[in-house]
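A.B. asks: Fold the stuff below for me.
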Amino acid sequence: MSGHSKFANIKHKKEKNDAAKGKIFTIIGREIAVAVKEGGPDPANNSKLRDVIAKAKSNNMPNDTIERGIKKAAGDANAVNYVSITYEGYGPNGTAIIVDALTDNKNRTAANVKNAFTKGGGNVGTPGCVSFMFDKKGQIIIDKEEFEGDADELMMTALDAGAEDFNEEEDSFEIVTNPDDFSAVREALEAAKVPMASAEVTMIPQNWVELTAEDDIKKMNRILDLLDEDDDVQNVYHNWDE
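C.D. replies: Below is the predicted model:
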């Protein structure tokens, strides 16, 4: 997997999110609500909630906003029930796209996702039509500029905690885990005071697709921008090599 700079992607996503902080906070707020509902409000006994809190902090979400979200989810029996849905489809030139959504209105979300694909010249397919082209993995990215330690020690810390793979890129380190081992590895790095630019369970493409035609690039960006603007959309994974 080496050779493809994941950090450039992360940075690009972060910059976009910085311009739309409200969107990322909405996404994380919903993830907090779901995690609390599934495993309770105490992070010590809820690894999913611990992971969401770590994600919130890496996106500079204030602690009091995180606490408020947890309290609200724990104390409000009538809180909105979000349903998790995944859509799969194709963008220009056969690019594969997976969309994770959390919604309180399936019809609205389905219509919005379909509309985003259609406007970018793509189409929504059947469940499973592209997910076989991705591997579900825990992925932790460490910015070399932020990390002052020894690379070999970092690798051993990650592998000892259960990581599957450790890659060194030009500007970052990438640690890959089995989804079940993600929390343990992330917590081991946190305990070792390792700064993480990104830490999440994600879908990693097995192969990347290049788009060379300007029209294809424009259409692909159209799909991604429309999905990015939709509050119901939590995550978008694709195999376009930007």
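A.B. asks: next helix or strand past the longest helix along the chain?
C.D. replies: As assigned by DSSP state H, the longest helix anywhere in the chain is helix 21-39. Sequence-wise, the next helix or strand downstream of helix 21-39 (DSSP states H and E) is helix 47-58.
A.B. asks: re earlier: please save the CA atoms from the longest helix of the chain in PDB.
C.D. replies: Presented in PDB, the C-alpha positions along helix 21-39 are these (Å, rounded to 0.1, in the frame of the first residue of the first chain):
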ATOM      1  CA  LYS A  21     -16.600  23.100  11.100                       C
ATOM      2  CA  GLY A  22     -20.400  22.900  11.700                       C
ATOM      3  CA  LYS A  23     -20.600  19.900   9.300                       C
ATOM      4  CA  ILE A  24     -17.900  17.800  11.000                       C
ATOM      5  CA  PHE A  25     -19.300  18.700  14.500                       C
ATOM      6  CA  THR A  26     -22.800  17.500  13.300                       C
ATOM      7  CA  ILE A  27     -21.300  14.300  12.100                       C
ATOM      8  CA  ILE A  28     -19.400  13.600  15.300                       C
ATOM      9  CA  GLY A  29     -22.500  14.700  17.400                       C
ATOM     10  CA  ARG A  30     -24.500  12.000  15.700                       C
ATOM     11  CA  GLU A  31     -21.800   9.400  16.200                       C
ATOM     12  CA  ILE A  32     -21.700  10.300  19.900                       C
ATOM     13  CA  ALA A  33     -25.500   9.900  20.200                       C
ATOM     14  CA  VAL A  34     -25.300   6.500  18.500                       C
ATOM     15  CA  ALA A  35     -22.300   5.300  20.600                       C
ATOM     16  CA  VAL A  36     -24.000   6.400  23.900                       C
ATOM     17  CA  LYS A  37     -27.300   4.700  22.900                       C
ATOM     18  CA  GLU A  38     -25.400   1.400  22.100                       C
ATOM     19  CA  GLY A  39     -22.900   1.300  24.900                       C
END
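A.B. asks: Mean confidence (pLDDT) on that helix, please.
C.D. replies: Mean per-residue pLDDT for helix 21-39: 88.
A.B. asks: Over to stretch 121-138?
C.D. replies: 96.
A.B. asks: swap in stretch 230-242?
C.D. replies: The model assigns stretch 230-242 a mean pLDDT of 92.
A.B. asks: cool, and stretch 187-204?
C.D. replies: 92.
A.B. asks: Pull the residues that contact it.
C.D. replies: Residues from elsewhere that reach stretch 187-204 (Cβ atoms under 8 Å, 6 or more residues apart in numbering): 1, 7, 10-11, 14, 50-51, 54-55, 58, 98, 131, 134-143, 146-147, 149, 154, 157-158, 160-161, 172, 175-176, 179, 182, 186, 235, 237. Glycine gets a C-beta too; all of them are placed from N, C-alpha and C.
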